[in-house]
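Q: Just to be clear, the model below is a prediction. Sequence and coordinates:
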Amino acid sequence: MKIAVIGGTGLIGSQVVEILDAAGHEAVPHAQSTGVDLLTGEGLPRALTGADAVLNLTNSPTFDSASPAFFEKTMDHLLAAAGQADVGHAVILSIVGVDHVPGLDYYRAKLLQENVLKAGPIPYSIVRATQFFEFMAAVLSWTADEETVRLPSTPLQPIASADVARAVADVAIGSPLQGTRDIAGPDVFSLDELGRLTLAARGDRRTVTTDDSTGMFAAVPGDVLVAGKDARIAPTHYRDWLTA
């Protein structure tokens, strides 16, 4: 298969390209650096020519109220170009629980992206993943100072980006789901516990203080960021990843 990977130079996209190429497919990475810009539509006709499937692994440059417009415009451009190129399968990467957190601009934006894809003319698949292991450092930095990291006790079920990439690649070469597949890591932690594990593994002596009013994930209710019973569970454990 020939698969156009938009966002193919990023954390997930670059790994997806490597996995697909190793399996004998022709995965072509596209990004602004290769002349493809989803926000303007520049380069899309060339990128999608002859493609059997297209993966949209791009992300909004911000997580704020500007993100819905980004995802709506980029999906409109992608679907129009995919229709003209007769692409048979469009895949996006989204977030577990995205439809249950209306208080977060970015989650509303990702849900909008899903809905634009569902309403479009291209057979589709949506892969929803939990939070990536690799993002923990950024999450800690949002509410940290030189001595303390303040984190809510929100439950999370994080996943390694390598496992996400394998799941996306698997969906890309299959028949369109016309629906959603959830993927998650094997372990559930509270976010403050994850913070303590992460700092300890790095030899960071700062203290993690539980504060359920602090940070983006404080707005997430209950077990929304924990995968349901039908999710595919990835093999990599966070503790093993930390010490690898």
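A: Okay, I see it.
Q: Mind listing what's buried along the worst-scoring helix or strand of the chain on mean pLDDT?
A: One helix or strand of the chain scores below all others by mean pLDDT, DSSP states H and E: helix 136-142, with a mean of 90. By 16 or more other Cβ atoms under 10 Å, the buried positions in helix 136-142 come out as 136, 139-140. The C-beta positions use only the backbone N, C-alpha and C, and glycine is treated the same way.
Q: Could you name the helices and strands sitting against that helix?
A: Counting contacts by 3 or more Cβ pairs under 8 Å, 6 or more residues apart in numbering; DSSP states H and E, helix 136-142 packs against strand 148-151, helix 191-201.
Q: What lies in contact with the first one?
A: Right, the one you point to is strand 148-151. With contacts defined as Cβ atoms under 8 Å, 6 or more residues apart in numbering, strand 148-151 is touched by 139-140, 143-144, 191-192, 194-195, 199, 206-211, 214-215.
Q: how about a cut-off of 6 Å?
A: With Cβ atoms under 6 Å, 6 or more residues apart in numbering as the contact definition, strand 148-151 has outside contacts at 140, 143, 191-192, 195, 206-209, 211, 214.
Q: next helix or strand past it?
A: Next along the chain after strand 148-151, taking DSSP states H and E as the criterion, comes strand 155-156.
Q: Show me what that following strand is packed against.
A: Taking 3 or more Cβ pairs under 6 Å, 6 or more residues apart in numbering; DSSP states H and E as contact, there are no helices or strands that strand 155-156 lies on.
Q: what's the following helix or strand after that strand?
A: By DSSP H and E, the next helix or strand past strand 155-156 is helix 161-172.
Q: can you tell me how far Gly41 sits from Glu18?
A: Separation of Gly41 from Glu18 (Cβ to Cβ, to the nearest Å): 27 Å.
Q: And the strands in this structure?
A: Remark: strands assigned in the chain by DSSP state E are 2-6, 26-30, 53-56, 90-95, 124-129, 148-151, 155-156, 180-184, 189-190, 207-210, 232-233.
Q: Mean neighbour count, those: which tops it?
A: Highest mean neighbour count among these (mean count of other Cβ atoms under 10 Å): strand 53-56, with a mean of 27.
Q: so which of the helices and strands packed on helix 136-142 is the most packed in?
A: strand 148-151 (a mean of 21).
Q: Just the C-alpha atoms of it, please, in CSV.
A: Below are the C-alpha coordinates for strand 148-151, written out as CSV (Å, rounded to 0.1, in the frame of the first residue of the first chain):
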residue,chain,number,x,y,z
THR,A,148,7.5,21.7,44.4
VAL,A,149,5.4,20.1,41.6
ARG,A,150,1.6,20.5,42.2
LEU,A,151,-0.5,17.8,40.5
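Q: Count the neighbours of Pro221 for me.
A: Number of residues near Pro221 (other Cβ atoms under 10 Å) recorded here: 11.
Q: Can you pull the phi and psi angles for it?
A: phi -80, psi 150 (degrees, to the nearest 10).
Q: Find the nearest non-adjacent residue to it, please.
A: The shortest distance from Pro221 to any non-neighbouring residue, by Cβ to Cβ, 6 or more residues apart in numbering, is to His100 (7.3 Å).
Q: I'd assumed Leu225 was in contact with the one you found.
A: No - when contacts are counted by Cβ atoms under 6 Å, His100 is not listed as touching Leu225 (9.1 Å).
Q: which of the two has more neighbours?
A: Taking other Cβ under 10 Å, His100 and Leu225 do not tie; Leu225 has more neighbours (24 against 15).
Q: That one reaches Leu156, doesn't it?
A: Yes - using Cβ under 6 Å, Leu225 is in contact with Leu156, at 5.1 Å.
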